[in-house]
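**Student:** quick one, fold the following:
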Amino acid sequence: MLRLLLFCEYVIPEANRAAFAEWVKTAPERWEGVELLENAGQPGVFVEIRRPGDRAEAADMEKERREGRSWREMENLAKGDREGVRIWLFVPADL
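**Tutor:** Numbering: from 1, shown residues only. A predicted model of the protein is given here:
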């Protein structure tokens, strides 16, 4: 089975932290199946980890993350706005 990982990373400045925390709590369904983590050494650097079953599901997840469920509200809180939200798909290394 192919194990994929969709990784979304962004920085929430301290001035936006309370608004971000409140936004996260407003819609718990938005976070179903998502691991939301903060960098222990760099507070404010957050990652979302999602585990798609295949590349098509990964593409759907990325599209939904960029365009759906009021994510634009969150992008306004991120450093660099929408451009500050980076999303990558990782696949097993074929070495």
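
**Student:** show me what the lowest-mean-pLDDT helix or strand in the chain is packed against.
**Tutor:** Across the helices and strands of the chain, mean confidence by mean pLDDT, DSSP states H and E is lowest for helix 71-75: a mean of 82. Packing partners of helix 71-75 (3 or more Cβ pairs under 8 Å, 6 or more residues apart in numbering; DSSP states H and E): helix 17-26. To be clear about C-beta, it is placed using only N, CA and C from the backbone, and glycine gets the same treatment.

**Student:** in the helix it packs on, which residues are buried?
**Tutor:** Residues of helix 17-26 classed as buried by neighbour count (16 or more other Cβ atoms under 10 Å): F20, W23.

**Student:** pLDDT of that helix, averaged?
**Tutor:** Averaging pLDDT along helix 17-26 yields 94.

**Student:** what's the distance between L2 and V91?
**Tutor:** With distances taken as Cβ to Cβ, to the nearest Å, L2 is found 7 Å from V91.

**Student:** understood, closing this out.
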